[in-house]
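Engineer: here is a sequence together with a model predicted from it:
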Amino acid sequence: MEITHIPAGSRPANEIEEILAEVVAFDALINRASGLGDDFDPRADEVRQELLSPNEYTSHQTWIGRLGGAIVAKGIAYLTLQDT
């Protein structure tokens, strides 16, 4: 399995745009397999934001697992940033 790690803000926008539709489609597939309807599908703009932009309060780490070029697994970490 090929694993791609995407810390928010670590990749240029054009690279994120290349994989965005595939990531959103994979999330929708998982929702269907879990019995969830369209109302729970991810919004492309929210996924784009998670992959592109940390802010002063939160950041996301995303891992995408591929077999034969197709996404077969996805892991995320939602990190709360604190001023120490």
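Structural biologist: Noted; the coordinates are in hand.
Engineer: surely residue 28 is within a strand?
Structural biologist: No. Applying DSSP: H, G, I helix; E, B strand; the rest coil, one finds residue 28 to be helix, outside a strand.
Engineer: next one: residue 38 from residue 32, what distance?
Structural biologist: Computed as CB to CB, to the nearest Å, the residue 38 to residue 32 distance reads 9 Å. The way it works is simple: take the backbone N, C-alpha and C, and place the C-beta from them, glycine included.
Engineer: who has more neighbours out of these two?
Structural biologist: Between residue 38 and residue 32, residue 32 has the larger neighbour count (other CB atoms under 10 Å), namely 12 against 8.
Engineer: what strand or helix carries that one?
Structural biologist: Using DSSP states H and E, residue 32 falls within helix 13-33.
Engineer: now that helix, how far from the centre of its chain.
Structural biologist: Distance of helix 13-33 from the chain centroid (CA atoms, centre = their mean, to the nearest Å) equals 7 Å.
Engineer: what helices or strands is it leaning on?
Structural biologist: Secondary-structure packing of helix 13-33 (3 or more CB pairs under 8 Å, 6 or more residues apart in numbering; DSSP states H and E): helix 44-52, strand 58-67, strand 70-80.
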